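Colleague: Sequence first, then the predicted structure:
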Amino acid sequence: MRRIPSQTVCSSCLITIRQRPLAPRISQPWISERFVSLRQPSKPRPSRMVLSNQVYRPPTGGNTGGRSSRPRRQVEGPFGAMNRTVANIDPTRRGPRSRTASSTEGGKKVDGPRDERKALKMQRALASVSYTKRMSLKDRMVDYDSFDYFDLLPKIKDSIYDELFKGLVDIKPTPVQRLALPAIMGQSAPGQPQKKSSEMESFLLAAETGSGKTLAYLLPAIDALKRAEAEDPDIKAYNERYAAEKEYQRSTNFKGKPFDEPHPTMARPKVVILVPTAELAQQIMNVSKKISHVVKFKTEMLSSDLRPQQIQRNLYGPKGLDVIVSTPHLLASIADSDPNILSRVTHLIVDEADSLLDRSFSPVTTSIIERAMPSLQKFVCCSATIPRKLNNYLATTYPKMHRITTPNLHAIPRRVQLGVIDVSRDPYRNNKDLACADALYTLGKDAQNHEGPVKDEIDVRRVLVFVNEREKTEQLAEYLRGQGIQATALHRDTPEKRPGEILEVFTMAEPLTIKAPEKVGRSRKLNNVKVLVVTDLASRGIDTLAVRHVILYDVPHTTIDFIHRLGRAGRMGRRGRGIVLAGNDDRKDVVAEVKRSMFMGQALI
Ligand SMILES: Nc1ncnc2c1ncn2[C@@H]1O[C@H](COP(=O)(O)OP(=O)(O)OP(=O)(O)O)[C@@H](O)[C@H]1O
């Protein structure tokens, strides 16, 4: 008589393995293969929502984007997956090694603690970068601990100290800047001059949120722009004509038309920075403008919320155009009518590359890349999160891409604390609105007196509340206002003011204070907290330096969203706090694992 097989559950992949008790699995591998069945067939997430591992090097497997080692489905057609006797399990992910974080130290394999994050693994939202690689990057970063070690033009260094970080002492490059600046400029060692490359070079800058990626690509681009300008014969000839005309007008006391010959760079920028939103375009243009006050170049932005006359002026201004920051759709449509607009581009930067090379933006972004390619010298993709799909796409399209990843990529800094409010419990009973208002009142009560010259002032806390749906922004803001909280909603169709103006309160670094109330009245009113209820519109790249608190009203769909939303607090070494409101319908196990990963300083997967 046959014995009934017993069952075991594989802890890493939640599969039920039926096997005969007396047969050791290792010696008879066919048993596990034959009787493995999926207990919980979960739908795999699209790879654009899954963070990539090993971002520091391209995936193996050439044009297949690293997927060649995976077992492929044998039977084609709609019923191909039925009646299978063998589970479709990737052999590279099986066995004890996949469950153990291992690294190599001094040629010896060292096993780290087991990675227990089952819920995140099921979601497969992010994956880790080899810890060995992270350490070696740390070693490389020691070298460039001052901007003086970079072979940047002296004026650019002046702009760093006198404009960008005016009033700050002991300014040091951030990790991504230490890695990216020499790489993009072709500088081999600190203090050494740049080496020019005859080929077009491509770079991936992958570094955590708020780590200074903007300057990591902007400074080398402006440096190259100014060096090329000094050797450009058209610009030289223009400057000579301009100087001669000025001299003539001065000597003859001429009162007629001033020199109005269009500049050779008019509507022909050399540096193009693509970003997904108008708000981010404005922010990056402001940084570029600050540098231009010292270095002298022309920088403008293009975005759909500008009036047509303004767009015309920004592009075709007589003083020329060197650096343009734009959303891809507008730039592509302008390039349709004026194909030469991208004919001189030497540096093309795709910021928030995972958004701009995702499905919705990809055709238009790639059309710009293709048009700029003939004159392109440096192509830079930049993001805080690298989904697997993007990783594979870049490996296939740009096999020689230089990959620059920082030690903390995909990790939320430990200085950001995460608190979780279980709204399914009393007193909220799934009333998230009430829980949100209560959390804001608690933040208001904790606010400190302002430590400044004026007495009796209290700090105003600026809090971002993230929701998943745009309809919810208005609804929640209205509820909060009804509770005496100063709340504003911001989404793509916000009617009254321009989003930039609304965001300004949250992006300005200066402290915001109000006069302390003399005595607490009876009315329920929260004066020292300003709240912005917002969708992902404000989660990408917006530099909310002054924001220390972020409330995740809805649990984000992926760890990618966790990283970007929580990344609005705790920027550039500051402390921050996130609060997640988790209800009955939310994945509390995912939230718990994100919280634990943050506590342990682990990269999300
Ligand atoms: N070397 C530096 N020292 C001090 N502050 C810096 C330095 N470099 C950049 N910053 C500041 O850090 C802040 C964040 O920089 P930035 O917006 O470039 O971050 P990011 O990496 O692009 O973030 P995100 O991924 O969220 O877009 C900015 O306010 C910037 O002025």
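Modeller: Thanks, I have the structure now.

Colleague: From now on I want contacts and neighbour counts done on CA atoms only, so please keep to that.
Modeller: Fine.

Colleague: And stretch 238-258, how far out from the chain middle?
Modeller: 48 Å (Cα atoms, centre = their mean, to the nearest Å).

Colleague: For it, which residues meet the burial criterion?
Modeller: Across stretch 238-258, burial judged by 16 or more other Cα atoms under 10 Å covers 242, 249.

Colleague: Tell me which residues are up against it.
Modeller: 259, 263, 264 (Cα atoms under 8 Å, 6 or more residues apart in numbering).

Colleague: Can you report how many residues lie near the last one?
Modeller: This points to residue 264. Applying other Cα atoms under 10 Å, we find 16 other residues in the vicinity of residue 264.

Colleague: Centre-most residue in this protein?
Modeller: residue 384 (3.5 Å; Cα atoms, centre = their mean).

Colleague: all strands of the stretch 101-250 of the chain, in order?
Modeller: Along the stretch 101-250 of the chain, the stretches classed as strands by DSSP state E, counting those that start in this stretch are 108-114, 201-206.

Colleague: still on that earlier bit, pick the one among the contacts of stretch 238-258 closest to residue 441.
Modeller: residue 263 (56.2 Å; Cα to Cα).

Colleague: and the closest residue in space to the closest one that isn't next to it in sequence, what are its phi and psi?
Modeller: Once flanking residues are discounted, residue 263 sits nearest to residue 320: 5.0 Å by Cα to Cα, 6 or more residues apart in numbering. Main-chain dihedrals, residue 320, degrees, to the nearest 10: phi 90, psi -180.

Colleague: Show the contacting residues for residue 320.
Modeller: Neighbours of residue 320 in contact, by Cα under 8 Å, 6+ apart: 262, 263, 264, 265, 266, 267, 268, 298.

Colleague: Out of those residues, the closest to residue 345 would be?
Modeller: Distances from residue 345 to the contacts of residue 320, taken by Cα to Cα, are shortest for residue 268, at 7.5 Å.

Colleague: circling back to that earlier point, can you flag the weakest of the strands of the stretch 101-250 of the chain by average pLDDT?
Modeller: Among those, strand 108-114 has the lowest mean pLDDT, at a mean of 55.

Colleague: burial measure for the residue in the stretch 401-550 of the chain positioned nearest to the ligand, as a count.
Modeller: Closest contact between the stretch 401-550 of the chain and the ligand, by Cα to the nearest ligand atom, is at residue 541 (3.1 Å). Residue 541 has 27 neighbours, counted by other Cα under 10 Å.

Colleague: which SS state does it fall under?
Modeller: Three-state call for residue 541 (DSSP: H, G, I helix; E, B strand; the rest coil): coil.

Colleague: What parts of the protein come near the ligand?
Modeller: 171-174, 208-215, 384, 541, 543, 545, 572 (Cα under 6 Å from any ligand atom).

Colleague: Out of the residues you listed, name the ones that lie in helices.
Modeller: Judged by DSSP state H, the residues of the chain next to the ligand include 213, 214, 215 as members of helices.

Colleague: Next, format those as TSV and append pLDDT, neighbour count and distance to residue 557.
Modeller: As requested, those are exported to TSV (pLDDT from 0 to 100; neighbours: other Cα atoms under 10 Å; distance: Cα to Cα, whole Å):
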residue	pLDDT	neighbour count	distance to residue 557
213	96	23	25
214	97	17	27
215	97	21	30
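
Colleague: distance between the ends of stretch 257-274?
Modeller: One end of stretch 257-274 to the other measures 37 Å (Cα to Cα, to the nearest Å).

Colleague: Is residue 328 in contact with residue 274, as I believe?
Modeller: Yes: the pair residue 328 / residue 274 is scored as a contact, 6.0 Å apart, by Cα atoms under 8 Å.

Colleague: what residues are shared contacts of these two?
Modeller: Common neighbours of residue 328 and residue 274 (Cα under 8 Å, 6+ apart) do not exist.

Colleague: Excluding chain neighbours, give the residue nearest to residue 560 in space.
Modeller: residue 385 (6.3 Å).

Colleague: Also residue 322?
Modeller: Of all residues not flanking residue 322 in the chain, residue 269 sits nearest, at 4.4 Å (Cα to Cα, 6+ apart).

Colleague: from memory that neighbour sits against residue 348, does it?
Modeller: No: Residue 269 lies out of contact with residue 348 (Cα under 8 Å); the separation is 10.3 Å.

Colleague: Can you check the pLDDT for the residue nearest to the centre of the chain?
Modeller: 93.

Colleague: Surely it is in contact with residue 408?
Modeller: No: counting by Cα under 8 Å, residue 384 does not reach residue 408; the two are 9.9 Å apart.

Colleague: any common contacting residues for these two?
Modeller: In contact with both residue 384 and residue 408: 207, 208, using Cα under 8 Å, 6+ apart.

Colleague: distance between the ends of stretch 204-217?
Modeller: With Cα to Cα as the measure, stretch 204-217 spans 10 Å from end to end.

Colleague: Could I get the buried residue list for that stretch?
Modeller: Residues of stretch 204-217 classed as buried: 204-217 (neighbour count, 16+ other Cα under 10 Å).

Colleague: show me what contacts the closest residue to residue 199 other than its chain neighbours?
Modeller: Excluding the flanking residues, the one nearest residue 199 by Cα to Cα, 6+ apart is residue 377, at 6.9 Å. By Cα under 8 Å, 6+ apart, residue 377 lies in contact with 199, 200, 201, 346, 347.
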